[in-house]
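Enquirer: Got a predicted model here, sequence first, then my questions.
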Amino acid sequence: MGVTHWDDVEKRRIERGQMAGTWSNLGTPAGSYRAGVSRIELGPGEMPTPAHVHGDAEEIFYVLSGSGLTWLDEKAYEIRSGDCIVYKNTHEAHTIRAGDDGLEEIFVLLDGDGTLELWPDERHAVRAGSVVARPPGSGVAHAFRGGDDGLTLIAWGTREPNDICWYPRSKKMLWRGVDVVGRIEELDYWDGEALE
C-alpha cells in the first residue's frame, strides 16, 4: 500500500511534434502494479499520444481542467473539465487534443481532505492531489473518511470476475463474479476432520 502526492512525483515532459505533454506517473510511486495512474498536463493544441487501440486494457480519463477534443475512430468530440471518457479495449482508435486553454487529466483525484483508514488501526492523512494505490492480495481492508470540509474522490480499479472482497468489520464477503454478498462461518482448518 502506498500514498503519494502529485506535488512529490517527478514530472516528465515529452515532445515530438504535436505529440507533447507533461506526464506524472502516480501509480507506481503509490505502489500500484496492475493499474496505471498518470496525470497528464497538455498545453494548447497538444496531444499526448498518437491515436491508438489497446488489445486488453481499458482507459478511463477524467478531465481536471481545461477543454479540448477526444478523437474516436476519426470523429472528434468536445471535452471539458469534469468530463469522464472511457476508451474500451479493442474498440476504437483514440487520442485527445487540448483546446486553447490547455487540458489536464488524471485517472484518480482527491479533493478536500480526510483520512485513509487501513483496518484495523492504521491511518494516513490525504488531501487534494493525493493518490492511493491498493494492490490486490494485500489482505488489508481500506476505507476513506472525509475531513471537516468533506472529501471528493474518483476511484478506479480493475473489475476482475474472480475477485473476492472481504469486509472485516461486518464479516461479509462479496464474490464479484456471481454478484453475491454473504457471510461464511469461520472455522479452524482442522474442524470436522477425523484425527487418528
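Expert: In hand now; what should we look at? Residues are numbered from 1 along each chain as shown.
Enquirer: give me phi/psi at P168?
Expert: Per-residue torsions, P168: phi -70, psi -30 (degrees, to the nearest 10).
Enquirer: And the one 10 residues further on, by the same measure?
Expert: Dihedral angles of V178 (phi, psi; degrees, to the nearest 10) stand at phi -110, psi 0.
Enquirer: Counting neighbours, what do you get for it?
Expert: 8 (other CB atoms under 10 Å). Just so you know, the C-beta spots here come from the backbone N, C-alpha and C atoms, and that holds for glycine as well.
Enquirer: show me where the protein has helices.
Expert: Ranges of helices within the chain are 27-30, based on DSSP state H.
Enquirer: among the helices and strands of it, which has the poorest mean pLDDT?
Expert: Every helix and strand of the chain was ranked by mean pLDDT, DSSP states H and E. The lowest is strand 94-106, at a mean of 65.
Enquirer: How is this structure divided into domains?
Expert: According to automatic domain parsing, the chain comprises the domains 2-106, 159-191.
Enquirer: winner for burial among the ones you listed?
Expert: Of all these, domain 2-106 carries the top mean neighbour count, a mean of 16, counting by mean count of other CB atoms under 10 Å.
Enquirer: any chance of the domains of the chain in CSV, plus distance to L116?
Expert: As requested, these are exported to CSV (distance: least, CB to CB, whole Å):
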stretch, distance to L116
domain 2-106, 6
domain 159-191, 16
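Enquirer: just so I know, which of those lies nearest E117?
Expert: Taking CB to CB, domain 159-191 is the member of those nearest to E117, at 10.3 Å.
Enquirer: Just give me how far the closest one sits from the chain centre.
Expert: Distance, stretch centre to chain centre, for domain 159-191: 23 Å (CA atoms, centre = their mean, to the nearest Å).
Enquirer: and it, average pLDDT?
Expert: Domain 159-191 comes out with an average pLDDT of 82.
Enquirer: from now on call the first residue 22
Expert: I'll keep to 22 as the first residue from here, and by that count the last item is domain 180-212.
Enquirer: Does E80 touch C105 like I think?
Expert: No: the pair E80 and C105 fails to qualify as a contact (CB atoms under 8 Å) at a distance of 11.2 Å.
Enquirer: gap between stretch 35-53 and the chain center?
Expert: On CA atoms, centre = their mean, the centre of stretch 35-53 falls 15 Å from the chain's centre.
Enquirer: Kindly check the end-to-end length of that stretch for me.
Expert: Start-to-end span of stretch 35-53 (CA to CA, to the nearest Å) is 23 Å.
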